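Novice: Here is my input, please return the structure:
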Amino acid sequence: MKTSVKSRIKLSDMNLNSELKFGSMIDLIQDCINHQSESAGLGVKHQISTKKSWILSSWYIEIEGQFEYDEEVVISTWPYEFKGVCGRRNATIARVGSENECIIKVDSLWAVYDMEQGRLTRVPDEDARLYSGEEPLEMNYQRKKILKGNSYEKKDSFTVRKYQMDFNRHMNNAWYIKIAEEYVEKNSRVKAVRAEYKKAALLGETINSYVSYEEDRVVVELRNDTDEVFAIMEFRYQ
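Specialist: Sure thing, here's the model as predicted:
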């Protein structure tokens with residue numbers, strides 16, 4: 001099952017260097033994914049009624065160019081594999097009229113969470129049946145864990161706010177990227193972004209940022225006050 005939606009690059013999507021924000025990129029992709037879920041009848045109301053929701057485990061994003069302000073884009077997404085408690089999903093962002101030339105390619109890993117039992121559970125048969133039928137995207141898949149940074153420097157501390165929460169009652173996936181991209185000097189230099197989610201940040205919790213600047217990448221860890229990792233992200237230049 002493949003879903004595509006059109007959008008425009010808004011002024012609020014651009015950073016101070018007139019580059020597309022990584023957080024805005026994630027928002028576009030997540031909105032497309034959520035639109036597909038709603039269209040299939042597997043959206044927020046369904047997940048609340050069944051007490052089973054899809055939670056994100058990791059992103060891998062290849063970036064092959066930049067978008068300009070007010071450009072019209074098409075975002076597409078499709079799941080391509082289900083196994084046990086997990087499902088894998090691709091997404092792309094391309095310019096309208098050049099849909100075969102994907103500027104952004106995405107691979108992501110998701111898991112089904114039983115909100116009542118507080119644990120992961122197998123992918124429901126209905127989800128696998130309605131979502132299936134597509135082949136994986138041709139891209140350079142990265143399945144190994146992100147290597148920890150060589151030398152971390154503590155930067156800032158934040159408190160999780162209500163506006164950062166989603167219906168799962170934890171900080172939305174995009175906010176980890178939005179916090180981490182603060183430590184990237186030029187988005188246009190970044191050719192790949194990875195994120196691994198370890199622990200959900202809850203309302204009122206403190207997030208401490210630790211950054212490792214290296215020759216070909218920036219690694220950001222977001223941790224709580226006892227050094228448990230909420231998420232680790234890598235912004236790679238080549």
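
Novice: in this protein, which spans are helices?
Specialist: Taking DSSP state H to define them, one finds helices in the chain at 22-39, 44-50, 125-131, 173-180.

Novice: Among these, which comes closest to residue 90?
Specialist: Among these, helix 22-39 comes nearest to residue 90, with 10.2 Å by C-beta to C-beta. C-beta here means a position set from N, CA and C on the backbone, and glycine is covered the same way.

Novice: Which neighbouring elements make contact with that closest one?
Specialist: Under the contact definition 3 or more C-beta pairs under 8 Å, 6 or more residues apart in numbering; DSSP states H and E, helix 22-39 sits against strand 3-8, helix 44-50, strand 52-63, strand 72-83, strand 86-95, helix 173-180.

Novice: repeat that with 7 Å
Specialist: With contacts taken as 3 or more C-beta pairs under 7 Å, 6 or more residues apart in numbering; DSSP states H and E, helix 22-39 sits against strand 3-8, strand 72-83, strand 86-95, helix 173-180.

Novice: quick one, which of these is nearest to residue 238?
Specialist: Using C-beta to C-beta, the helices and strands packed on helix 22-39 put helix 173-180 closest to residue 238, at 18.9 Å.

Novice: what mean pLDDT does that closest one have?
Specialist: Averaged over helix 173-180, pLDDT sits at 96.

Novice: same check, this time on stretch 8-26
Specialist: Predicted confidence along stretch 8-26 averages 95 (mean pLDDT).

Novice: With stretch 59-67 instead?
Specialist: Rounded mean pLDDT across stretch 59-67 is 95.

Novice: contacting residues for the closest residue to residue 92 other than its chain neighbours?
Specialist: The shortest distance from residue 92 to any non-neighbouring residue, by C-beta to C-beta, 6 or more residues apart in numbering, is to residue 102 (4.2 Å). Under the criterion of C-beta atoms under 7 Å, 6 or more residues apart in numbering, the contact list for residue 102 reads 92-94.

Novice: Repeat that for residue 181.
Specialist: Shown in contact with residue 181 (C-beta under 7 Å, 6+ apart): 21-23.

Novice: Now render the residues you listed as CSV, adding neighbour count and distance to residue 181.
Specialist: Shown next, in CSV, are those (neighbours: other C-beta atoms under 10 Å; distance: C-beta to C-beta, whole Å):
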residue, neighbour count, distance to residue 181
21, 18, 7
22, 24, 5
23, 19, 6
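
Novice: need the contact list for residue 198.
Specialist: 229-231.

Novice: quick check: domain ranges of this structure?
Specialist: Using automatic domain parsing, the domain ranges for the chain come out as 3-131, 153-236.

Novice: Pull the number of nearby residues for residue 96.
Specialist: 12 (other C-beta atoms under 10 Å).

Novice: related to what we said a few turns ago, out of the helices of the chain, which one sits most buried?
Specialist: Burial of the helices of the chain is given as mean neighbour count (mean count of other C-beta atoms under 10 Å); helix 173-180 ranks first at a mean of 23.

Novice: Go ahead and measure how far it is from the middle of the chain.
Specialist: How far helix 173-180 lies from its chain's middle: 8 Å, per C-alpha atoms, centre = their mean, to the nearest Å.
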